[in-house]
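Structure here, sequence nowhere to be found:
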Ligand SMILES: [Zn+2]
Ligand SMILES: [Zn+2]
């Protein structure tokens, strides 16, 4: 729901990632894995292009509740109102984030943000496509108090933007700021899968909520990043459905009706007794972690990077022009972009269906050309021609990871 302002920050996000990437390559610190970064950005792109459909419900309910049930008339011109709203919103974010780690149906979407085994600025953009369908419920107290919708969108956006810069390993501890702010060090702990780091530091901006409510953990050794059960995939579509599939599988296999229902609301480590009972979080160390890696012929790697760059540009254009398109055309564009992102990951991972889906995508795009506004038709045709030419690159060269072909 805060994406209206966040899309304006996209150039800043991309520039910051490029600066961190250059720092990484210069210092040889291993902060980035290209395939993982494309996967993270694909999740972020998918979340943004789906927002017209997933985010509107929350905004609509907020407005209705505030207009009909708001207890107070609050003016945006009062400074105290912004301060009070910032504090309440940040606390409600803490509750939402805590719930997203302790209730399976919420974790099923939030897990997307934690699946990367790296920790860099691109991970901040790795967002679930479906979180917006449920997160708005946690902010309704603000509507009930009477805070106007515009104030809510601005404060929520500020909170979300703040959390971008704390996704980095390039910044150490920050002295007295660590005592009250959420910092890179505190949030690294949150992404850790070491048993002592699990479900700690849920804060948005102020770490005080964790300190007050007993969920705070100081960063000691550097965390092992990821999820306890690794995703082992760079496919952004699978990333968004993997945890839902796990819950569905458990609810089908367990025998007791009570367990079939409870699995959707239980904490992630809970398992029905007939499927082995509660899972013990295993020890983890950076020395023994085996990260998911891929390597493909050089031509495939180059094709993937170029194809993703085109999809990123097309998605940004879509976000800006979407309000002027019919819902049917919006859905068509979203389907094309999502399939493109999935095909990108499939080519990267050497899946047999990647090339076929990629070709079908262009055939479908050619077929829908009459539906596309005339001003964009030449651009679409050029894009198809470039991609089909680049298809010749596929299967050229020896297998390399994208990191090995980085010019930086
Ligand atoms: Zn989290
Ligand atoms: Zn995070």
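On my side now, so go ahead. This is a predicted model, so every value here is computed, not measured. Ligands and ions are numbered 1, 2, ... in the order given.

show me the contacts for residue 243.
104, 107-109, 111-112 (C-beta atoms under 8 Å, 6 or more residues apart in numbering). For the C-beta atoms, the positions are set from N, CA and C on the backbone; glycine is no exception.

can you pull out the strands in this protein?
Using DSSP state E, the strands of the chain run over 296-297, 399-400.

among those, where is the model least confident on average?
Of all the strands of the chain, the minimum mean pLDDT falls on strand 399-400 (a mean of 56).

Run through the stretch 251-400 of the chain and note the low-pLDDT ranges.
Within the stretch 251-400 of the chain, the segments meeting pLDDT under 70 span 393-400.

let's go with 50 and repeat that
Residue ranges of the stretch 251-400 of the chain with pLDDT under 50: none are present.

Provide a list of residues in contact with the residue most central in space within the chain.
In the chain, the residue lying closest to the centroid (C-alpha atoms, centre = their mean) is residue 127, at 1.3 Å. Residue 127 makes contact with 43-44, 47, 112-113, according to C-beta under 8 Å, 6+ apart.

swap the cut-off to 10 Å and go again
Residue 127 makes contact with 3, 6, 40, 43-48, 109-110, 112-113, 160, 240, according to C-beta atoms under 10 Å, 6 or more residues apart in numbering.

Tell me the one among those nearest to residue 208.
Among the contacts of residue 127, residue 160 lies closest to residue 208 (C-beta to C-beta), at 18.9 Å.

Thought residue 132 was touching that closest one, still the case?
No. With contact defined as C-beta atoms under 10 Å, residue 160 does not count as touching residue 132 (11.5 Å).

In stretch 226-246, which residues are buried?
226-227, 231, 233-240, 242-244, 246 (16 or more other C-beta atoms under 10 Å).

Nearest spatial neighbour of residue 307, chain-adjacent residues omitted?
residue 344 (5.4 Å; C-beta to C-beta, 6 or more residues apart in numbering).

got it, and residue 185?
Closest to residue 185 by C-beta to C-beta, 6+ apart is residue 219, at 4.5 Å.

Tell me the spacing between the one you found and residue 301.
Using C-beta to C-beta, to the nearest Å, one gets 34 Å for the distance from residue 219 to residue 301.

Which one of the two is surrounded by more residues?
When neighbours are counted by other C-beta atoms under 10 Å, residue 219 and residue 301 differ, and residue 301 comes out ahead with 26 against 21.

And that one, how far from residue 379?
25 Å.

quick one: contacts for the closest residue to residue 255 other than its chain neighbours?
Closest residue to residue 255 apart from its sequence neighbours, by C-beta to C-beta, 6+ apart: residue 274 at 5.5 Å. Residue 274 sits next to 253-256, 259 when contact means C-beta under 10 Å, 6+ apart.

can you check residue 230 too?
115, 117, 193, 289-292.

between the residues you listed, which is closest to residue 35?
Using C-beta to C-beta, these come closest to residue 35 at residue 292, 8.7 Å.

Would you agree that closest one is in contact with residue 227?
No. Taking contacts as C-beta under 10 Å, residue 292 lies outside contact range of residue 227: 11.3 Å.

Mutual contacts of these two, please.
115-117.

Turn the residues you listed into CSV, columns for neighbour count and distance to residue 364.
Below are these laid out as CSV (neighbours: other C-beta atoms under 10 Å; distance: C-beta to C-beta, whole Å):
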residue, neighbour count, distance to residue 364
115, 28, 29
116, 27, 30
117, 22, 34
